[in-house]
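S.K.: need a structure here:
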Amino acid sequence: MLYLVGNPVIAHKIIAIDIRASFYVPFRVALFDTDKDGTVSYDRPSSFLAAIGRPELREFGALLDQKIDGVIKALRSKL
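M.R.: Next up, the predicted model:
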């Protein structure tokens, strides 16, 4: 399953800095279920936002990385 994950309030602030960021927010999270276990794959918001080359976006990238890392950590603790 592929999900688009994001917060419209944060996305609006990011896009106000640079419209090109609209390609990266919301970001993608993919969940794979195999016979043995499941796998989560996701975009690193900081990497994609850094590619735009706007220093103002670094803070947002770090914030979004923290948020998705927290979700992944919570999921792993449930397994």
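
S.K.: So the residue lying closest to Tyr24 once chain neighbours are set aside, which state does it fall into?
M.R.: Closest residue to Tyr24 apart from its sequence neighbours, by CB to CB, 6 or more residues apart in numbering: Phe48 at 4.0 Å. C-beta: built from backbone N, CA, C; applies to glycine. The three-state assignment at Phe48 reads helix, by DSSP: H, G, I helix; E, B strand; the rest coil.

S.K.: now stretch 25-38, how far from the centre of its chain.
M.R.: Remark: stretch 25-38 is offset 13 Å from the chain centroid, using CA atoms, centre = their mean, to the nearest Å.

S.K.: Now do it: everything it contacts.
M.R.: 1-6, 10-11, 14-15, 39-43, 45, 48, 64, 68, 79 (CB atoms under 8 Å, 6 or more residues apart in numbering).

S.K.: pull the CA atoms of it into CSV?
M.R.: In CSV, the C-alpha atoms belonging to stretch 25-38 read as follows (Å, rounded to 0.1, in the frame of the first residue of the first chain):
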residue,chain,number,x,y,z
VAL,A,25,4.9,17.4,0.3
PRO,A,26,2.9,15.3,1.2
PHE,A,27,5.6,12.6,1.1
ARG,A,28,5.2,8.9,0.3
VAL,A,29,5.1,6.0,2.7
ALA,A,30,4.9,2.5,1.3
LEU,A,31,3.9,-0.6,3.4
PHE,A,32,4.9,-4.0,2.1
ASP,A,33,3.6,-7.2,3.5
THR,A,34,5.6,-10.3,2.8
ASP,A,35,5.2,-13.9,4.0
LYS,A,36,7.7,-13.4,6.7
ASP,A,37,7.2,-9.8,7.9
GLY,A,38,6.3,-6.3,6.8
